[in-house]
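**Student:** I would like the atomic coordinates for the input below:
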Amino acid sequence: MTTSILDWLLGRALADQEEDKQQIGPAAGIPVLGLDALSSAAYGPEAALTLLIPLGAAGLHYVVPITALIVTILVIVYFSYRQTIAAYPNGGGSYTVAKENLGPHFALLAGAALALDYVLNVAVGISAGVGAMVSAVPVLLPYTLKLCLLILVILTLVNLRGIRESSAAFMIPTYAFVGTLGVIILIGIAKAVLQGGHPTPVIPPPTFPKVTEAATLWLLARAFASGCTAMTGVEAVSNGVPIFRKPTVPLAQQTLTAIIVILIGLLVGIAYLCGAYELVATDPGEPGYQSILSLLVMAVIGRGPFYYITLTAIVAVLALSANTSFADFPRLCRVLAEDRFLPGSLAVRGRRLVYSQGIILLAMMAGALLIFFGGITDHLIPLFAVGAFLAFTLSQAGMVVHWRHLGGAHSRKFILINGLGALATGVTLVVVTVSKFTEGAWLTVVVIPLMVFFFTRVNRHYRWIAAQIATIDPLEMPTKVNPIAVIAIGSWSKVAQQGLKFALRLTTDVYVVQIRTERDAIEDLSDNWTLLISNPARAAGIPEPKLVTLSSNYRQFFTPFVDFVIQLEKDNPGRDIVVVIPDLVMSHWYENMLHNNRGAFLRNLLRRRGKSRIVVVNTPFQLQEQN
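**Tutor:** This next block holds a predicted model:
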């Protein structure tokens, strides 16, 4: 039953030999790894414009210069990541580059920055998608958070079905977004050119707010920092190189090129049209809120059918942009887990050849962020860019060291490219951190070191265990010593009978322990001990088990029994104590809720309090399925 539900929900389990069929090319790579970068064209410019609201109409004069600076840095980062893809085709991105060239401390810093960036990308992408949805259908505003969480659940399930399934699901909305928004930009530019750079909007945008601030360097720096969120996601292809089919590196580079070219076209077009149509941002989360893209589409073509087609594509891509994180975050967790900085289970692929535990972990953390910030994009934006630019900077700095060590005819050219990338992203990181610090970036600055601390503690734990269990000594043959078996029985039953039979096959020295209280309704085993146990044992020529009855004045079962076992171990040095726990096995998982599951509690308690000579064995009793 459970298997059939999983097959319906997630698809049939895939064998290792089917991995080649799950790999993708550039056409599918853009939806899988490019949605984060492409969708940032929707909220990056708006984030910058929102900061320019206090300048009134004068704020529009700074949109194009800010966008030009962002595009310049984007181009530098693009050339840098092309080199990273070629140099490290096994993926891992900034973490792998930093580990190989800068050392483990910088690697963990890059890993923490990337992990946080991926979590924030999910929250920001989904909240931006719902924000665009609310712009088109204002009546949905009170349901913002619920819509965010619903989309998160859908994304999680789709990604648990595998890479190929998610790429197929997201391909149509991705290309619909690029196509419809591209058409709007081309129409808008054509109208602007034909009308001398000042086109008449079909639906006039909101009037400019009153000027409340001057255009200070600090305000412009903050606007630039918010606009830099349009660059997040550029590193995704370098992290996910292994998901491409062969030839892997050229296909990954082609995908990155396509993503960057499309993104630059969207950013430049939106920036130009915002100035031409005099579009002003509205306050997110407030009544009457309209996203910049909603205002842009209305200004260019009005609120007809194509408006809703375009907005639907925008909403879909913004909400689905989190898919980039679902593709890369589990792979980052895998690399960290293989290096023993995260739990090893995160490196194990699930039924659909994806790292299922990483996907679920990402969904849980992003869901917590959405709930905490109410699903409002503007509240999440200040946290967003710090992790991304820290990862950018460490990756490019690591590539500089890589080319210095590698040498060769073209190493100087590559050092220049990556060095320029490190400088550009490093300066941007400082600007973003300082300008957004009081608005929430301080939280990122605190969280990243805490994550690094967590990674090191996990690694320390694994190293401690390795030191405890490692050995190169040959097997020391034990002397054959009859163990002591102990079994707890409440009342005589088939379950108790099966457990006792196993104990008697194991050893000739068996203790049957019964815990009794004054008000116990269960039978006293001593009343029928001779008939049920003693006589059959003598007839079979087997030493009779010893009955031990323990009193518990405080209605406790576990403490008296565990104390007895531990004392028995102390009194018998050199002998193993085998605790046999009879266990009912239910036909259905939900039936376990109807039983006290004492066996599981006792097993865990003995493992915590007992010594290495105390061994716990379960004897399962299979129940027949109910009619």
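**Student:** from memory residue 234 sits against residue 74, does it?
**Tutor:** Yes - counting by C-beta atoms under 8 Å, residue 234 touches residue 74, with 7.0 Å between them. C-beta coordinates here come from the backbone N, C-alpha and C atoms, glycine included.
**Student:** tell me which element the closest residue to residue 326 other than its chain neighbours falls in.
**Tutor:** Nearest non-adjacent residue to residue 326, counting by C-beta to C-beta, 6 or more residues apart in numbering: residue 159, 4.1 Å away. Secondary structure from DSSP states H and E places residue 159 in helix 144-160.
**Student:** now stretch 592-612: how far from the chain's centre is it?
**Tutor:** Distance of stretch 592-612 from the chain centroid (C-alpha atoms, centre = their mean, to the nearest Å) equals 32 Å.
**Student:** Just the CA trace of stretch 45-62, in PDB.
**Tutor:** C-alpha atoms of stretch 45-62 as PDB (Å, rounded to 0.1, in the frame of the first residue of the first chain):
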ATOM      1  CA  PRO A  45      14.800  46.000 -10.800                       C
ATOM      2  CA  GLU A  46      11.800  46.300  -8.600                       C
ATOM      3  CA  ALA A  47      13.900  46.000  -5.400                       C
ATOM      4  CA  ALA A  48      16.100  48.900  -6.600                       C
ATOM      5  CA  LEU A  49      13.100  51.000  -7.600                       C
ATOM      6  CA  THR A  50      11.500  50.400  -4.300                       C
ATOM      7  CA  LEU A  51      14.500  52.000  -2.600                       C
ATOM      8  CA  LEU A  52      14.200  55.000  -5.000                       C
ATOM      9  CA  ILE A  53      10.600  55.800  -4.100                       C
ATOM     10  CA  PRO A  54      11.700  58.700  -1.700                       C
ATOM     11  CA  LEU A  55      13.300  60.500  -4.700                       C
ATOM     12  CA  GLY A  56      10.000  60.800  -6.600                       C
ATOM     13  CA  ALA A  57      10.400  61.300 -10.300                       C
ATOM     14  CA  ALA A  58      14.100  61.900  -9.900                       C
ATOM     15  CA  GLY A  59      14.600  58.200  -9.000                       C
ATOM     16  CA  LEU A  60      14.000  57.100 -12.600                       C
ATOM     17  CA  HIS A  61      17.200  58.900 -13.700                       C
ATOM     18  CA  TYR A  62      19.300  56.400 -11.700                       C
END
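**Student:** Surely the residue nearest to residue 326 and residue 323 touch.
**Tutor:** Yes - the criterion here is C-beta under 8 Å, and residue 159 meets it with residue 323 at 6.8 Å.
**Student:** before we move on, back to that, near the residue nearest to residue 326, how many other residues are there?
**Tutor:** 30 (other C-beta atoms under 10 Å).
**Student:** From residue 391, how far off is it?
**Tutor:** 21 Å (C-beta to C-beta, to the nearest Å).
**Student:** returning to what we had before: who touches both of residue 234 and residue 74?
**Tutor:** Common contacts of residue 234 and residue 74, defined by C-beta atoms under 8 Å, 6 or more residues apart in numbering, comprise residue 260.
**Student:** Would you pull up how far stretch 387-406 lies from the middle of the chain?
**Tutor:** Worked out by C-alpha atoms, centre = their mean, stretch 387-406 lies 24 Å from the chain centre.
**Student:** Residue 314 contacts residue 296, correct?
**Tutor:** No - here residue 314 does not reach residue 296: they are 10.2 Å apart, not a contact under C-beta under 8 Å.
**Student:** Look at the two and report which has more neighbours.
**Tutor:** residue 314 (29 against 26).
**Student:** quick one: what helix or strand has the more buried one in it?
**Tutor:** Assigned by DSSP H and E, residue 314 falls in helix 305-320.
**Student:** So which bits of that helix are buried?
**Tutor:** By neighbour count with 16 or more other C-beta atoms under 10 Å, helix 305-320 contains the buried residues 306-307, 310-320.
**Student:** I'd like the residues you listed as TSV, with pLDDT appended.
**Tutor:** Output for those, formatted as TSV (pLDDT from 0 to 100):
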residue	pLDDT
306	91
307	89
310	89
311	85
312	85
313	87
314	83
315	79
316	81
317	81
318	76
319	73
320	77
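**Student:** got those residues as CSV, with distance to residue 220 columns?
**Tutor:** As requested, those are exported to CSV (distance: C-beta to C-beta, whole Å):
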residue, distance to residue 220
306, 35
307, 32
310, 30
311, 30
312, 34
313, 32
314, 27
315, 30
316, 33
317, 29
318, 26
319, 31
320, 32
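**Student:** tell me which of the residues you listed is nearest to residue 37?
**Tutor:** Nearest to residue 37 out of the buried residues of helix 305-320 is residue 317 (C-beta to C-beta; 11.1 Å).
**Student:** OK, contacts around residue 548?
**Tutor:** Counting by C-beta under 8 Å, 6+ apart, residue 548 has contacts 511-514, 564.
**Student:** OK, contacts around the closest residue to residue 67 other than its chain neighbours?
**Tutor:** Leaving out its chain neighbours, the residue that sits closest to residue 67 by C-beta to C-beta, 6+ apart is residue 271, at 3.8 Å. Residues near residue 271 by C-beta under 8 Å, 6+ apart: 45, 63-64, 66-67.
**Student:** From residue 196, how far off is residue 271?
**Tutor:** To residue 196, residue 271 is 19 Å away according to C-beta to C-beta.
**Student:** average pLDDT for stretch 87-105?
**Tutor:** Stretch 87-105 shows a mean pLDDT of 84.
**Student:** Equivalent analysis for stretch 41-60, please.
**Tutor:** On average, stretch 41-60 scores 75.
**Student:** Which positions within that stretch qualify as buried?
**Tutor:** 41-53, 55-56, 59-60.
**Student:** same deal with stretch 401-414?
**Tutor:** 401-403, 414.
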